[in-house]
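# Predicted model, plus sequence, below.
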Amino acid sequence: MTQLPDAKGFFGDHGGQFLPPEIIAVMDDLNAAFDKYKDDPEFIEEYKYYQRHYTGRPSPLYLCENLTKAMGGAKIYLKREDLNHLGAHKVNNTVGQILLAKRMGKKKIIAETGAGQHGVATAATAALMGMECTIVMGAEDIERQKLNVFRMRMMGADVVPAMSGQRTLKEAVDEALGLWIQDAQNTFYLLGSAVGPHPYPAMVKHFQAVIGREAKEQIMELENRLPDYLVACVGGGSNAIGLFADFLGDEQVKIHGVEPAGRGLTPGDHAASLTLGTPGVLHGFTSYMLQDEKGEAAPVYSISAGLDYPSVGPEHSYLKDIGRAEYYTASDAEAVEAFFALSRTEGIIPALESAHALAHAMKLAPTLDKDKIILINLSGRGDKDVAQIEEMLSAGQIQAPV
Ligand SMILES: *Cc1c(COP(=O)(O)O)cnc(C)c1O
């Protein structure tokens, strides 16, 4: 499994590079730079320096005693990526890629963003490294996520609206790629999840794998054994593959990814690409994808803007095919319930994305003996979602538990 992706960037049937010829050369440069620097001691040292002193790693592994008791089954541990600088796992990747961009002599950064989390993390690290930064964001998302747009602009980024189609994440990627191609020699495309053409899925995994490496060390220290289950939410799949990577060879550890079932598993109401998708090409790679008859990406939806992407990282599709990981869904309502449950039992407000992983773990825990361990990746904190939850509460769209 450590041999993947192959030389062409495939994980089994998924991944690869589906790109116009003029971009292949730029990807080859990126691949060569990544190959060279990922094992370069100076690069590794600089990356570790920023992880420790900028991001605040290692993030804690926390036993939820109250939630465990309330569920009445397996022990529930959280890997606290919510405590990173900027509030999520995204910074692990943006710091890594921007250090690579610097080594490659690039002066400008371009990135897409959905909810704005990757945009904020990119804007922050570009500010840190003194690089020019453009963030492309769907016009609809700009409207829905005003505070994140303001954050990016505060840190000096130029936020450009994507005006085509549904005007959300898919269109932001389309338009960011278009802008990037105009000046790919000087500009580094900083991709936010384990998706896109080779080598991005492998590179994003590489920078996010710190999550699982730390978690493994921490659970060994606390419990002197491996967890029985890993659980992570899957949008593009970067926090999930980051947690899973170091455990793929530990066959006794069961691996569960959780996709958003949204309002229900009817077309347009969810973003469960692995659960209901079929193989298709989007944004330069092939993977399970939600698509219409013409092979175009289908409209997707989730209560959490960080999970509504119509495809998924190719390694997850491969892990599904070979049966090494299993993929489940959690609905909007279940995520909201988990959002409140963690807030009220532990005093930790989770990101709505992470609440999908929690919701699944809350279904799983009561079915397991008390000596079993579930380790959840708490990919981010919920401060960004509090206003949305408040609005939905006052509009009567959701109910707070009493
Ligand atoms: C962006 C985001 C996600 C989804 O992205 P992945 O690449 O699937 O990890 C999940 N959780 C949080 C908090 C996010 O910001």
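Thanks, I have the structure now.

# so how far is N224 from the closest residue to the ligand within the stretch 1-150 of the chain?
With distances taken as C-beta to the nearest ligand atom, the stretch 1-150 of the chain approaches the ligand most closely at Q117, which sits 3.6 Å away. No exception for glycine: its C-beta is placed from N, CA and C like everyone else's. Distance, Q117 to N224, using C-beta to C-beta, to the nearest Å: 35 Å.

# sorry, back to before: what sits against the residue of the stretch 1-150 of the chain closest to the ligand?
86-88, 90, 148, 192, 306, 380, 384 (C-beta atoms under 8 Å, 6 or more residues apart in numbering).

# Return the residues in contact with the most centrally placed residue in the chain.
For the chain, the residue nearest the mean C-alpha position is S238 (3.8 Å; C-alpha atoms, centre = their mean). S238 is in contact with 89-90, 93, 192-194, 204-205, 208, 313, counting by C-beta under 8 Å, 6+ apart.

# before we move on, back to that, so which of the contacts of Q117 is the most crowded?
Ranked by the number of neighbours (other C-beta atoms under 10 Å), the contacts of Q117 place G306 first, at 31 neighbours.

# distance of that one from S59?
18 Å.

# Which strand residues bridge the residue of the chain found nearest the ligand?
Checking the chain residue by residue against the ligand with C-beta to the nearest ligand atom singles out G380 as nearest, at 2.4 Å. G380 has these beta-bridge partners by DSSP bridges: A88.

# List the contacts of it.
G380 sits next to 81-82, 87-90, 117, 306, 350-351, 353-354 when contact means C-beta under 8 Å, 6+ apart.

# could those residues be laid out in CSV, adding pLDDT and secondary structure?
Compiled in CSV, the contacts of G380 are given as follows (pLDDT from 0 to 100; DSSP: H, G, I helix; E, B strand; the rest coil):
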residue, pLDDT, secondary structure
E81, 98, helix
D82, 98, helix
G87, 96, helix
A88, 97, strand
H89, 98, coil
K90, 98, helix
Q117, 93, helix
G306, 88, coil
P350, 98, strand
A351, 97, coil
E353, 97, helix
S354, 98, helix
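
# Quick check: the farthest pair among those?
When these are compared pair by pair using C-beta to C-beta, the farthest-apart members prove to be K90 and P350, with a separation of 15.2 Å.

# Near the residue nearest to G12 when sequence neighbours are not counted, how many other residues are there?
With C-beta to C-beta, 6 or more residues apart in numbering as the criterion, G12 has its nearest non-adjacent residue at 4.2 Å, and that residue is Y318. By other C-beta under 10 Å, 21 other residues sit near Y318.

# What is the helix or strand in which Y318 is found packed up against?
Element membership for Y318, per DSSP states H and E: helix 314-322. Here helix 314-322 is seen to pack against strand 10-11, strand 14-15, helix 200-208, helix 238-244, helix 273-276, strand 285-289, strand 325-331 when contacts are counted using 3 or more C-beta pairs under 8 Å, 6 or more residues apart in numbering; DSSP states H and E.
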